[in-house]
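*Asks:* below are the sequence and a predicted model; questions follow.
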Amino acid sequence: GNSVTQMEGPVTLSEEAFLTINCTYTATGYPSLFWYVQYPGEGLQLLLKATKADDKGSNKGFEATYRKETTSFHLEKGSVQVSDSAVYFCALTISSGNTPLVFGKGTRLSVIA
Amino acid sequence: ETGVTQSPTHLIKTRGQQVTLRCSSQSGHNTVSWYQQALGQGPQFIFQYYREEENGRGNFPPRFSGLQFPNYSSELNVNALELDDSALYLCASSSRRDRSSYNEQFFGPGTRLTVL
């Protein structure tokens, strides 16, 4: 089946630190990969996506590269800010066919000044 | 352009009761998906509606049911509420060319349901 595994949190970093949140996946078929962010009290917002191997998604200083050989899509940011404090979800869907988004359990990030 | 909206924001029910949650899709979108997000977990797919017909269902019992209206808004109904139904219920809308195509989903803010 399709599943996503991401590193468990919480992750606490100081402002301007480097962030990595690991995500690996299993998929029957060719997945598209996503990172969503959920700020306190809000719904999910799409942060970035990649639809084929070696694609790099990027947005707001965050990046993730679709690595088919390692079935991974790790999220990185070079210098986090307090405003990045949120829960981050890795997700996949199979591009061809009618499959819903499959999410990981989420990783809570707290950035302290 | 209006985004995805959900109502109510919060809801408290007791075991055995029934609840209806509502979702207005983003303008131009014909597909609505519902997800359940338990505390500390990722969202789990409940079902999807495409052009007023169910278009896929996750591993949820039949007491979870839904509707999509001609204006593409949607309802999620849950009968015989259980304590484990306490969760954030998220609605997402998208615009599909057909039943099997994929397009980006836009999420609403969710309805927080508490079952006592």
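*Replies:* Arrived safely, thanks for sending. As the structure is a prediction and not an experimental result, all values here were calculated from the model. Numbers count the residues shown, from 1 in each chain, chains lettered A, B, ... in the order given.
*Asks:* okay, now the residue lying closest to B:Gln105 once chain neighbours are set aside: neighbour count?
*Replies:* The spatial neighbour of B:Gln105 that comes closest, neighbours along the chain excluded (C-beta to C-beta, 6 or more residues apart in numbering or on different chains), is B:Ala92 at 3.9 Å. For the C-beta atoms, the positions are set from N, CA and C on the backbone; glycine is no exception. By the criterion of other C-beta atoms under 10 Å in any protein chain shown, B:Ala92 has 26 neighbours.
*Asks:* what about the closest residue to chain B within chain A, how many residues close to it?
*Replies:* Closest contact between chain A and chain B, by C-beta to the nearest C-beta, is at A:Phe103 (3.4 Å). When neighbours are defined as other C-beta under 10 Å, A:Phe103 has 23 of them.
*Asks:* quick one: contacts of stretch B:60-74?
*Replies:* Identification of contacts with stretch B:60-74 by C-beta atoms under 8 Å, 6 or more residues apart in numbering or on different chains yields B:22-25, B:29-32, B:34, B:36, B:44, B:46-47, B:49-54, B:75-80, B:91, B:93.
*Asks:* what about chain A: which of the residues you listed touch it?
*Replies:* B:Gln44 (C-beta under 8 Å from any C-beta of the partner chain).
*Asks:* just checking: what are the partner strands of the strand or helix carrying A:Ser58?
*Replies:* Counting by DSSP states H and E, the element that carries A:Ser58 is strand A:56-59. Using DSSP bridges, strand A:56-59 pairs in its sheet with strand A:62-65 (antiparallel).
*Asks:* where does the most centrally placed residue in chain B fall, secondary structure wise?
*Replies:* Residue closest to the average C-alpha location in chain B (C-alpha atoms, centre = their mean): B:Trp34, at 2.9 Å. Assigned by DSSP H and E, B:Trp34 falls within strand B:31-37.
*Asks:* which is the next helix or strand following that strand?
*Replies:* That would be, after strand B:31-37 and using DSSP H and E, strand B:44-50.
*Asks:* span of stretch A:64-75 from start to end?
*Replies:* Distance between the two ends of stretch A:64-75: 5 Å, counting by C-alpha to C-alpha, to the nearest Å.
*Asks:* which positions within that stretch qualify as buried?
*Replies:* Applying a neighbour-count criterion of 16 or more other C-beta atoms under 10 Å in any protein chain shown, one finds A:64-67, A:71-75 buried in stretch A:64-75.
*Asks:* in the chain, what residue spans correspond to strands?
*Replies:* You didn't pick a chain, so chain A it is. Assigned by DSSP state E, the strands in chain A fall at A:3-6, A:11-14, A:19-21, A:23-26, A:31-38, A:44-50, A:56-59, A:62-65, A:75-77, A:86-94, A:102-103, A:107-112.
*Asks:* wrong one, I was asking about chain B
*Replies:* B:5-7, B:10-13, B:19-24, B:31-37, B:44-50, B:53-57, B:64-68, B:74-78, B:87-94, B:106-107, B:111-115.
*Asks:* want to throw the ones you listed into CSV with distance to A:Trp35 and mean pLDDT?
*Replies:* Formatted as CSV, these follow (distance: least, C-beta to C-beta, whole Å; pLDDT from 0 to 100):
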stretch, distance to A:Trp35, mean pLDDT
strand B:5-7, 22, 95
strand B:10-13, 27, 97
strand B:19-24, 23, 98
strand B:31-37, 16, 95
strand B:44-50, 18, 94
strand B:53-57, 23, 91
strand B:64-68, 27, 97
strand B:74-78, 26, 97
strand B:87-94, 16, 94
strand B:106-107, 13, 91
strand B:111-115, 23, 97
